[in-house]
Every structure is written in structure tokens, then in C-alpha cells.
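S.K.: I would like to see how this sequence folds:
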Amino acid sequence: MIQWRKFAICVALFVAVWVMPAEWIPLAEINPIQQRLLAIFVLAAGLWILEPIPVFATSITIISLELMLLSNAGIGFMVDGHRETEMLLPYTNILNSLSSPIIILFLGGFALAVAASKYELDINLARVLLKPFGHKPQFVMMGLMLITAVFSMFMSNTATTVMMLAILTPVLAAVPHGDPGAKGLVLSIPVAANLGGIGTPIGTPPNAIALQYLEGEHAINFIDWMMLGVPFVCIMLAIGWFLLCRFFPPTMRELKIDINRKFRTSPRALIVYCTFVATIVLWLTTAVHGMNSYVVAILPLAVFTATGIISKEDLKQFNWDVIWLVAGGIAIGIALSETGLADLLATSVDFNAMPSAAVFIGLAILCYLMANLMSNTATANLLMPVAAAVATTLMAADHLDSITPLILVVALSASMGMVLPVSTPPNALAYSSGKIDNKDMAKIGIAISLIGLTFIILACLLAV
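M.R.: Numbering: from 1, shown residues only. Here you go, the predicted model:
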């Protein structure tokens, strides 16, 4: 449902930035096309932060406005003179956001998630993997966190959380009423999902968005990302587990877990198992076979649709709202880059006069604060192009050797936004269980995210 007051505020800001005299805007020599894009950028930020309309609707609005106001196939009477015509973007460049390799990466991830759920691969793996952790509540929590983190590396954090909360239901039934350990168990799922997604390029949208800017000599492949992300995830999971055990200590001594499922042995189930393993292996061995992560990602989609494992109805279960959300961010990034507005924004501040550490810390904190109040995907969409332009400026001044550290700061800091129920879908799902309060989530979220943010800043500064 549209929240009209918030929507009106966002539209008013959009119109104000669009029609105000260019000399009022503190950006030197901004041209009319850049000013329109700045207005669209302000509208996007307002709609993503205040959420008067769904976030995917904001992305569709962004793409529509860019096509109408910035493209060479847009509204003709809005173009003033030959010079302004030359500034317009090819409309195909904007529409390319819908067929970006990042979109294919997500479609492949969704295909794996839907097939795994349909043939109960996820629940059966959880059943097998939980068994070694015994019956002590602390170790059951550790098992839940490890399994959640591993799944969220290759599935969407949201899908992983839904699955793991379903698995947690019979576990919670064995917990005495009022035991604080129950809160710890529920919170362990979103904490592990939020952290686990950092481990791979497909684990969470900010990672995939970062790859859009890490190309050519700055490119990072699947295994390189995992070598950076997985150790960080392991450290943060250990810290998160310790803090959850301290903040929400269980009073019970043993937990009895009973998940009555068995691996299916039908031909289609076996195809799912083999394809799941093959896809992960191909992602990890890009250097051997030459196919990049995006090409590999479309293979499970092809196999599952060709064999009837994923039907027309199953395709409807894909998180198409996430696809649109990411596409809108890509469209913003394309426009910011091709119109030169990203460079203009980056050069409007004299970063040459600032220590590199101040730039890293400032961007990390800004990204962290935004990610707690809006989706981490939207945050990455807004800040990533600016970070790339800032990094390019610092490189030109010999303050930075590569754009990679600054891009990673934004990507990883966005994933630290986990303080509120609205911060991430896993948080919202856990909160909707009715087992935890806002203060419980904030207590553990602030502690873990600030520790993680500190590690991220220090690691990136040491890498410079």
C-alpha cells in the first residue's frame, strides 16, 4: 500500500532538484542531463529509505525515468539543442541493466534454491549436518549457525532463513517456556544468514553488485572472493556464537531434535543433487575450465528447466522483486558512470587533501548506517558507483593502487546492517516468529556489526 505523504515528499524533492537553477547545485559545471539524473538519484534514495512504495517498484520507476528523461529514445520535446542531444544515453545501455551478468547470477542461484527446496535437499542436508553437534543447546546453536551460513553462501539469505526457521520449529518445541536460550536459537539464524552471504559472490546482492565494478585488471573470480570472504565469515560466526551464548544463556541441558526426512532417490532428485554439486565445483574451478561465474550460473537453470525439475509454476517462486531491485541499482550505476555524474560527485570533494583512512572510514560508516535503515542492496546500489569514482580519483593522485579495497569496504559494510528487523529480510523473518523483541535483535546486532565493521576497515586499510 502506498504511503502517500512519504511518496509526496520524495516526489517534491525530485522536482525541486530537477527544476532548480544549476548554479544552486554545489557541483561545478553540471549539465542538464546530469541534473535530471541527480534528481532521479535523490528520488531513488528517498524511496528506498522511506519505502512509501515497495523497493522493487522504486527500481522499475528508476529505469522508466531514465528511459524517458536521459535516453535517446525518451521524451523528444525535453531535449534542448544539439549539444544536449549528444549527452543522451543510448536507451539500449539502460535496458542492458535487465540482462546484466549479475541478473543471470541471481537467476542461477534462485534455480538452485527452488530445486533444493522442491526435492528436500536443503532439509535433508540440515538433518545430516546437525547430527554431529549432539544435544547440548550451545552446540546445537553452533550447528544451526554453520549450516545456515553455508547455505546462505549459495542460496539467497531470505530463502535460507525461511528453510532454517522451519527446521528450528521442532527444536524450539523442546525448549522450556521462558528460557532465554530460545531467543538465542532464533537470533542465530538471521545472524548466520547475514554473515554467511558475505562468503561468496552470489551470497548476497551487495557482493554481486561489487563484481560489476571489479572488472578487467581489478576482477575477482569466485574462488578469490571466497578466499577473502570465508575466513571473515568464520571469524564473525565464532564471535556471533560466543555473544549469543553470553547474551541469551540457555538454562536447559539437552535438546532433543527430530527431523523425519530421508534423501529422495528418484531420477529427478538425483539430477538435482548432481547439478547442485557440479555447479559449486564449477564455480570453484573457474581458472581450470575458463567459464566465469555468470556462465556457470545459467547451467543449473538450463538443466532444471529442460528436465522438468523446475516448471512454469516454479519459475514464479523466483524472487523477481530482488531481480528488479538489483536491475534498478545497475541502471543507476550505468547512468552515473556514462553521464559523468559519478565523477562529478567524487571530484566535488577534495579527496586528495584527505587521508585515505578518512575516506575508508567515512564511506564504511555511511554505508553501515544506511544499510541499517534501508535494504543493503539499495545501499550498495547508491554508494557503489560513488565509491568507484572516489577510488579512481584517489588512484589518480597516487593515494590508492586499486579500486578494489574501497569497493569491498562498501560491499562488506552493507552486509553489516543487521541491527533492526527492517534492516534485512532474515531479520524481519526472525522477528515475525514472535519469539524475539526489537531490543533483543538490536543488542546482538549492534555488537556483531560494530566488531565486523572494525575488522573490515582495518583489513582494507592494511591492504592499501
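S.K.: what's near enough to touch the closest residue to Pro180 other than its chain neighbours?
M.R.: What sits nearest to Pro180 in space, not counting adjacent residues and going by C-beta to C-beta, 6 or more residues apart in numbering, is Phe248, at 4.5 Å. For every residue, glycine as well, the C-beta is placed using N, CA and C. Contact analysis of Phe248 by C-beta atoms under 8 Å, 6 or more residues apart in numbering lists Pro180, Gly181, Lys183, Gly184, Leu187, Asp440.
S.K.: give me the buried subset of those.
M.R.: Gly181, Lys183, Gly184, Leu187, Asp440 (16 or more other C-beta atoms under 10 Å).
S.K.: tell me the phi and psi of the third one?
M.R.: Main-chain torsions, Gly184, degrees, to the nearest 10: phi -60, psi -40.
S.K.: in strands only, show me the contacts of Phe248.
M.R.: Members of these lying in strands (criterion: DSSP state E): none.
S.K.: widest-spaced pair of those residues?
M.R.: Taking C-beta to C-beta as the measure, the contacts of Phe248 span a maximum distance of 12.4 Å, between Gly181 and Asp440.
S.K.: quick check: the gap between the spatially most central residue of the chain and Ile330.
M.R.: Of all residues in the chain, the one closest to the mean position by C-alpha atoms, centre = their mean is Pro205, 2.8 Å from it. Distance of Pro205 to Ile330, computed by C-beta to C-beta, to the nearest Å: 11 Å.
S.K.: now do Leu400
M.R.: In terms of C-beta to C-beta, Leu400 sits 24 Å off from Ile330.
S.K.: tell me which of these two has more neighbours.
M.R.: Between Leu400 and Ile330, counted using other C-beta atoms under 10 Å, Ile330 has the larger neighbour count: 28 against 21.
S.K.: related to what we said a few turns ago, list phi and psi for the residue nearest to Pro180.
M.R.: For Phe248, the backbone dihedrals (degrees, to the nearest 10) come out as phi -130, psi 70.
S.K.: and which of the buried ones among the contacts of Phe248 is nearest to Ser375?
M.R.: Leu187 (20.0 Å).
S.K.: let me see the contact set for that closest one.
M.R.: For Leu187, the contacting residues are Leu244, Phe248, Ala430, Ile436, Asp440, Met441, Ile444, by C-beta under 8 Å, 6+ apart.
S.K.: these, buried ones only, as a PyMOL selection?
M.R.: Selecting only the buried entries of these in PyMOL, with 16+ other C-beta under 10 Å as the criterion:
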select buried, resi 244+248+430+436+440+441+444
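S.K.: which of the contacts of Leu187 fall within helices?
M.R.: Judged by DSSP state H, the contacts of Leu187 include Leu244, Ala430, Asp440, Met441, Ile444 as members of helices.
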